[in-house]
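In: this is a predicted model, with the sequence first.
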Amino acid sequence: MSRFLTHWLIIAIALAAAAYLVPGVQISSWPALIIGALVLGFVNAIVRPVMTLLTLPITLVTLGLFYLVVNGAAFALAAAVVPGFNVMGCGSAIMGALMVSLVSWFVGLFASDD
């Protein structure tokens, strides 16, 4: 349970950083941030692997660059589900997903269990 809460907090911090740094990503309130982090974690765990499998041929043809679009689509899907969490356009979704990935990785370095 502690690992889940830690991961959720890391995603929330990363999502707040993305909303602050990426111009097209907006979060209107703290509850939207908390629910957005929960939904983004769910989408990344369940939906994104399915999307990755379905788009594998085009990802191979583009040498992996299409995976950025898959991440952006997963980010935009999470934003579409949560009221108060908005993404303006495909470019903002891709940049938001990249920012969440980078910040999650960086914060995760300091919050590791090892």
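Out: Right, received. Where do you want to start? Residues are numbered from 1 along each chain as shown.
In: what sits up against the strand or helix carrying S101?
Out: Using DSSP states H and E, S101 sits within helix 90-110. Helix 90-110 is touched from outside by 10-11, 13-15, 17-19, 21-25, 40, 68-69, 71-76, 79, 87, with contacts defined as Cβ atoms under 8 Å, 6 or more residues apart in numbering. No exception for glycine: its C-beta is placed from N, CA and C like everyone else's.
In: can you tell me how far L15 sits from F4?
Out: 16 Å (Cβ to Cβ, to the nearest Å).
In: may I have stretch 6-20 exported as CSV, CA atoms only?
Out: Extracted in CSV, the C-alpha atoms of stretch 6-20 (Å, rounded to 0.1, in the frame of the first residue of the first chain):
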residue,chain,number,x,y,z
THR,A,6,4.4,6.8,-3.1
HIS,A,7,3.9,6.2,-6.8
TRP,A,8,0.7,8.2,-6.8
LEU,A,9,2.4,11.1,-5.1
ILE,A,10,5.2,11.0,-7.6
ILE,A,11,2.8,11.1,-10.5
ALA,A,12,0.9,14.0,-8.8
ILE,A,13,4.1,16.0,-8.4
ALA,A,14,5.0,15.3,-12.1
LEU,A,15,1.6,16.3,-13.3
ALA,A,16,1.8,19.5,-11.3
ALA,A,17,5.2,20.2,-12.9
ALA,A,18,3.7,19.5,-16.3
ALA,A,19,0.8,21.9,-15.7
TYR,A,20,3.3,24.6,-14.6
